[in-house]
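> next come a sequence and a model predicted from it.
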Amino acid sequence: METPMQCAKELADFLKEKFREYGEKEPDTGAEYNVYAGFLPREDNPKKMKAQCPTVVVRPLLIEDNAEETIAKMAVYAVTYDDDMKFGSESLYHVLQFIRFHLLTNNPVHNRFEIKLKDSDTMETYIPDEQPYPFWQGRLDFAVYLEQPSRSPLAGRTS
């Protein structure tokens, strides 16, 4: 059975593959993108924070079940480092566009995880006004169809 975290891990692996395939690196530092599922690591030390950048993290935010389907609301967080106060955010906008492009042009990802884009569903990109300069952060939110537990071959089994 597909789980929300399994979906996050496979989406992260997909994005990691795309970053490598296209040789994407952070423009200011030349660092390769760290891509994984879970949460953004918390650091108090700016040097340790800088060493983690650029980072892309995929995780489920919310899981909804109804009679017909299971939907996992996913978030993709991106954090870049650039000490240019005027144009430093451009690397963040670039990586968010890179992620959007690859998720949307390869939907469903691995012919398995379909991003829900019907009716009023959307993929949203959010960039907060307040940025933790010289770090720049943004987020993409979207929904993915998952196998519904009640329709799984394991449904109805008791241990």
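Received the coordinates, thanks. The model shown is predicted, which means the values in this text are computed figures rather than measured ones. Numbers count the residues shown, from 1 in each chain.

> return the set of buried residues in the worst-scoring helix or strand of the chain on mean pLDDT.
The helix or strand of the chain with the poorest confidence is helix 46-52; it has a mean of 80 (mean pLDDT, DSSP states H and E). Residues of helix 46-52 classed as buried: residue 49 (neighbour count, 16 or more other Cβ atoms under 10 Å). Quick note: C-beta positions are derived from backbone N, CA and C, even for glycine.

> what is that helix packed up against?
Helix 46-52 sits against strand 70-81, with contacts defined as 3 or more Cβ pairs under 8 Å, 6 or more residues apart in numbering; DSSP states H and E.

> same for the strand it packs on, what does it pack against?
Partner elements for strand 70-81 (3+ Cβ pairs under 8 Å, 6+ apart): helix 4-21, helix 46-52, strand 55-65, helix 90-105, strand 135-146.

> okay, those in a markdown table with distance to residue 129 next?
A markdown table is the format used below for the helices and strands packed on strand 70-81 (distance: least, Cβ to Cβ, whole Å):
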| stretch | distance to residue 129 |
| --- | --- |
| helix 4-21 | 26 |
| helix 46-52 | 20 |
| strand 55-65 | 21 |
| helix 90-105 | 13 |
| strand 135-146 | 11 |
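
> give me whichever of these is most buried.
strand 135-146 (a mean of 20; mean count of other Cβ atoms under 10 Å).

> just the C-alphas of that one, formatted as CSV.
C-alpha atoms of strand 135-146 as CSV (Å, rounded to 0.1, in the frame of the first residue of the first chain):
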residue,chain,number,x,y,z
PHE,A,135,18.9,32.4,3.2
TRP,A,136,16.0,32.4,0.9
GLN,A,137,13.1,30.0,1.3
GLY,A,138,9.9,29.1,-0.6
ARG,A,139,7.4,26.3,-0.8
LEU,A,140,5.3,24.5,-3.3
ASP,A,141,2.0,22.9,-2.3
PHE,A,142,0.1,20.3,-4.3
ALA,A,143,-2.1,17.3,-3.8
VAL,A,144,-1.2,13.7,-4.9
TYR,A,145,-3.6,10.8,-5.4
LEU,A,146,-2.7,7.8,-3.3
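
> that one vs helix 4-21, what angle?
120 degrees (axes from the mean of the first three to the mean of the last three Cα atoms, to 10 degrees).

> any idea how far strand 135-146 is from the middle of the chain?
Strand 135-146 sits 5 Å away from the centroid of its parent chain (Cα atoms, centre = their mean, to the nearest Å).
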